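A predicted structure for the sequence below; I have some questions about it.
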Amino acid sequence: MARLALSLAALIPLLGACSDSTDDDCARDAQAGFESRQPFDARARVRRVDCGFTSGVQGLGVAADGSTWLRRSEFKDHGEETFYYPAVKVLTHVGAGGEFLGELTLPDFVQDFVVHPSGELTVFGWEKADAKTALQLRRLSPDGTVIAERVLRNEVPPEERLEYEATVDGRVTKVELPESERYLSTLASRPVGEDAYLLAGMDGLRLLRLGSRLETQWVSVVEPNVALKAATWDEMHAMGAPFIGFALDVDEAGRAHVATPLLDVQRRAYAEALRRLPDGPQARGVLMSSFESTGTWRGARLVPTESADEVVGLVARGGAFAVGASASAPVERADKGSDFNLFFASGRLDRPAEEYVTRDFSLDQDEAPTALVPCGTERYCLAGHTGYVQLDNGRTQDNGKGFVLALDASGAQQDLLLLEGQRDTQVLRATAGPGGSVVFAFSTNEAANTARVADHLKNNEVWLGVYGGP
């Protein structure tokens, strides 16, 4: 296929791309690469990546050459009118040594991306699609050239659609959604060589393998979709909710593994739709589904948990697995109904659930994990936010800390990196880097509760860090 000129994602050179201001230089230009930087823990090698008034990071990918791509959104500083302007959306490219390599400007409807061993990128979402059941795809070279493009559509026939409703009394009913309510959503993605796995909401939860030119190689059902029909929070809790999140990983053989919440009503829909049940106890837990690289279903098992409420990461290597999630526990305080902590589970894929390790624990007050990644042989790193207090009516003004916590397969702490700044600091995204390192994006110097401060105080800084490894 002939390469097409990229219309909306042009590579921006390093100089002159950082700021709308002609008077002030971009803060990230002061660094040539990664370095230890006060006030952060010296074991982390960091560099600033933003230039705007306030920024966020929605995705992170490490290339085979050790460079990192960050999918970011950034509000430029326009003074009192800052938030009247739309956020700029970009893919920022940082070299293995922390050198700034450039940025690709993105359209508004990008949902995710992956980086392949060749250095090429598959991007999920682009411009606004012509229907909710459509997803625009792009394959890009590192310089931003479009190599391939396609519109992926939800074309599941009516007899194969797996949409259910569940009520608080435990009844589960298969339903047929009107066309206006059908959709195609991106839940998670991972590279597998020059191909990509996509976990999608598509009249049920389905796993797709896309080739290097975006062609669909196969589609496999993971589980049905179940809409909970509850009128109050008490009814939601009675059904085991809230319990959300999706995670996807690829093992060394190219097999795909998916982690999703499983409530009792979801189990009933699963049994009706797929005529089978996952291995393990008939309990609330994390459903782990495994697929061969050909799309053939390999098996499913349940990791029981009564406390986990959002799955944030899955690692599958060498026949072993680990799952990371946030967890909550009720407390008796007038202003605080729950503590928010960490959940970790691990085990062997070929062993019974009774042998799995599960841990609920806390580092410092409340936590919000954002990722679980491999960081060595049978070593796993949870990353996120700790040291803050979440009340029923919102966060307090206590400044939190970012963290990267290394655990062994038994869940025992091996190391802990804490990141503190002048104001609130939190790890936004993390992924595995070369040699067992962790590559992470973090926000710092941010108001602890942006809902309670004026717009001119909602600024932050966004940095990229590397911890561990060679």
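Noted; the coordinates are in hand. Residues are numbered from 1 along each chain as shown.

hey, let's count contacts and neighbours off CA atoms from now on
OK.

and the one helix or strand D339 maps to, what does it pack onto?
Counting by DSSP states H and E, the element that carries D339 is strand 336-348. Contacting strand 336-348 under the criterion 3 or more C-alpha pairs under 8 Å, 6 or more residues apart in numbering; DSSP states H and E are the following elements: strand 320-333, strand 357-361, strand 366-374, strand 390-391.

out of those, which comes closest to L464?
Of all these, strand 366-374 sits nearest to L464, with 15.0 Å by C-alpha to C-alpha.

Other residues contacting that closest one?
Outside strand 366-374, the residues within contact range by C-alpha atoms under 8 Å, 6 or more residues apart in numbering are 312-315, 323-326, 339-342, 380-390, 427-432, 436, 438.

pLDDT of stretch 350-360, averaged?
When pLDDT is averaged over stretch 350-360, the result is 95.

show me where pLDDT drops low in the chain?
Scanning the chain with the threshold set as pLDDT under 70 gives 1-24.

Show me the helices in it, by range?
Here the chain has its helices, by DSSP state H, at 233-238, 264-274.

Let's have those in a markdown table, adding mean neighbour count and distance to E176.
Formatted as a markdown table, these follow (neighbours: other C-alpha atoms under 10 Å; distance: least, C-alpha to C-alpha, whole Å):
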| stretch | mean neighbour count | distance to E176 |
| --- | --- | --- |
| helix 233-238 | 14 | 23 |
| helix 264-274 | 19 | 14 |
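
Between those, which one is closest to V404.
Closest among the helices of the chain, using C-alpha to C-alpha: helix 233-238, at 30.6 Å.

Domain map for this structure?
With domains defined by automatic domain parsing, the chain comprises 150-304, 312-470.

Specify the stretch among the ones you listed that is closest to L104.
Nearest to L104, of these and by C-alpha to C-alpha, is domain 312-470 at 17.2 Å.

one step back: which stretch among the domains of the chain comes nearest R37?
If we rank the domains of the chain by C-alpha to C-alpha, the stretch that ends up nearest is domain 312-470, at 10.4 Å.

Next, format the domains of the chain as CSV and append distance to A27.
Shown next, in CSV, are the domains of the chain (distance: least, C-alpha to C-alpha, whole Å):
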stretch, distance to A27
domain 150-304, 32
domain 312-470, 9
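
can you give me the strands in the stretch 351-470 of the chain?
Along the stretch 351-470 of the chain, the stretches classed as strands by DSSP state E, counting those that start in this stretch are 357-361, 366-374, 379-388, 390-391, 394-395, 401-408, 413-419, 424-432, 438-446, 461-467.

Distance to A227 and mean neighbour count for the ones you listed - can I get that in TSV?
Formatted as TSV, the strands of the stretch 351-470 of the chain follow (distance: least, C-alpha to C-alpha, whole Å; neighbours: other C-alpha atoms under 10 Å):
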stretch	distance to A227	mean neighbour count
strand 357-361	28	16
strand 366-374	25	25
strand 379-388	29	26
strand 390-391	28	18
strand 394-395	27	14
strand 401-408	34	22
strand 413-419	38	16
strand 424-432	29	26
strand 438-446	33	25
strand 461-467	36	22
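
With L199 as the reference, name the closest of those.
Among the strands of the stretch 351-470 of the chain, if distance is taken as C-alpha to C-alpha, the winner is strand 366-374, at 17.0 Å.

Can you tell me the strand partners of that closest one and which way each runs?
strand 379-388 (antiparallel) (DSSP bridges).

what's in contact with the strand it pairs with?
By C-alpha under 8 Å, 6+ apart, the surrounding residues in contact with strand 379-388 are 322, 324, 363-375, 395-396, 398-409, 425-430, 438.

How about residues contacting stretch 298-311?
With C-alpha under 8 Å, 6+ apart, stretch 298-311 has contacts from 241-247, 259-261, 277-281, 283-292, 323-329, 343, 345, 353, 356, 358, 360.

In ChimeraX, how would I select just the buried ones from those?
The buried residues among these can be selected in ChimeraX (16 or more other C-alpha atoms under 10 Å) with this line:
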select :241,243,244,245,246,247,259,260,261,277,278,279,280,284,285,286,287,288,289,290,291,323,324,325,326,327,328,343,345,353,356,358,360
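
need the contact list for the residue nearest to V226 when sequence neighbours are not counted.
Excluding its sequence neighbours, the residue lying closest to V226 (C-alpha to C-alpha, 6 or more residues apart in numbering) is Y164, at 4.7 Å. Y164 makes contacts with V172, T173, K174, V175, P224, N225, V226, A227, A269, as judged by C-alpha under 8 Å, 6+ apart.

now do F291
Per C-alpha under 8 Å, 6+ apart, neighbours of F291: R255, A256, H257, W297, R298, G299.

The fifth one: neighbour count?
Which is R298. If you count neighbours by other C-alpha atoms under 10 Å, R298 ends up with 13.

Okay, it and L263: tell me how far apart.
22 Å (C-alpha to C-alpha, to the nearest Å).

Any idea how many residues pack against the residue lying closest to H93 once chain neighbours are set aside?
Among residues not flanking H93 along the chain, W69 sits closest, at 4.7 Å (C-alpha to C-alpha, 6+ apart). Each residue near W69 was counted by other C-alpha under 10 Å, and the total is 25.
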